[in-house]
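Enquirer: model this:
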Amino acid sequence: MMNISISDKLKELLPEFKIGIIHYNDITVDESPKMLAGRLQLFQESLMLEAESKPISTIEPIQEWRRIFKKIGTDPSRYRPSSEALLRRIYKGSQSGSIHSAVDTNNFFSLQYQIPLGIYDQAKIDGNVLIDIGADGDEYEGINGRVVDMKDKILTRDDTGPFGSPIVDSKRTMVTEQTKKALHVVYFQPSLPDSNVTEMLQAIEKMFVQIHGGDAQSEIIE
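Expert: From the prediction side, this is the model:
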């Protein structure tokens with residue numbers, strides 16, 4: 001199994017930083033089952049109804065991630081945490097359409113826990129993984145087709161280069177319906193108690209395996 005670690009630079013700036021890691025094996029990625037698609041649609045509709053009574057400025061996990069971005073040197077109004085970007089689209093009345101079961105599950109948990117998550121095809125990751133802060137020249141093509149400058153942003157990198165972040169993931173390592181082994185990165189807010197972190201990680205792992213089959217191993221990196 002690949003080694004996953006947090007860089008000294010990131011630890012120095014954010015001593016309480018922690019992520020959840022789940023390795024999935026022998027999974028089947030396909031069209032989302034009706035159970036997942038229905039739950040995701042109903043969840044999004046309920047969030048749309050909450051838009052006026054629960055503004056983003058009152059949602060603590062999102063605000064904590066905005067504070068983290070500022071501390072790293074990222075402008076959170078220009079480069080939003082993916083959880084905030086997703087919620088803002090829904091608040092504006094634009095539901096997230098179904099892509100496939102892995103992305104839909106990822107979006108479901110991002111909305112439920114209001115934190116960023118990344119899901120990657122493990123076969124497309126080269127060597128070990130480092131959670132780091134981007135430097136000059138760090139960039140990649142995002143799943144949205146845009147090249148993202150990753151300087152002064154939290155990112156995940158392998159031996160080839162950066163491939164993911166709490167902002168947007170890369171085309172290079174994105175999960176497709178051909179993916180059999182996947183890596184899930186869960187960006188917990190640092191203030192979250194360890195008991196909550198473990199509970200949330202187990203819930204994500206359990207639901208993902210229920211939908212995709214296979215087996216999984218999870219760990220907390222801090």
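Enquirer: output the below-cut-off pLDDT ranges for the protein.
Expert: Along the chain, no part satisfies pLDDT under 70.
Enquirer: looking at it, which helix is longest?
Expert: helix 194-212 (DSSP state H).
Enquirer: which neighbouring elements make contact with that one?
Expert: Packing partners of helix 194-212 (3 or more C-beta pairs under 8 Å, 6 or more residues apart in numbering; DSSP states H and E): strand 19-25, helix 101-113, strand 182-187, strand 215-221. For glycine as for every other residue, the C-beta is placed from the backbone atoms N, C-alpha and C.
Enquirer: got the angle for the third one vs strand 19-25?
Expert: Strand 182-187 and strand 19-25 meet at an angle of 170 degrees, taking axes from the mean of the first three to the mean of the last three C-alpha atoms, to 10 degrees as the criterion.
Enquirer: list the strands paired with strand 182-187, with their directions.
Expert: Using DSSP bridges, strand 182-187 pairs in its sheet with strand 19-25 (antiparallel), strand 117-121 (antiparallel).
Enquirer: report the next helix or strand after the last one in sequence order.
Expert: Next in sequence after strand 117-121, counting helices and strands by DSSP states H and E, comes strand 129-133.
Enquirer: residues of that following strand that come out buried?
Expert: For strand 129-133, burial by neighbour count (16 or more other C-beta atoms under 10 Å) applies to Val129, Leu130, Ile131, Asp132, Ile133.
Enquirer: one more: stretch 106-113?
Expert: Under the neighbour-count criterion of 16+ other C-beta under 10 Å, stretch 106-113 has Asn106, Asn107, Phe108, Phe109, Ser110, Leu111, Tyr113 buried.
Enquirer: quick one: contacts of that stretch?
Expert: Contact partners of stretch 106-113, identified using C-beta atoms under 8 Å, 6 or more residues apart in numbering, comprise 36, 39-40, 43-44, 47, 61, 82-83, 86-87, 90, 96, 116-119, 184, 186, 200, 203-204, 207.
Enquirer: same question for stretch 186-205.
Expert: 14, 16-22, 60-61, 64-65, 68, 81, 109, 113, 115-118, 154, 166, 184, 216, 218, 220.
Enquirer: ok, now with 7 Å
Expert: With contact meaning C-beta atoms under 7 Å, 6 or more residues apart in numbering, stretch 186-205 is reached by 14, 16-20, 22, 61, 64-65, 109, 113, 115-117, 166, 184, 216, 218, 220.
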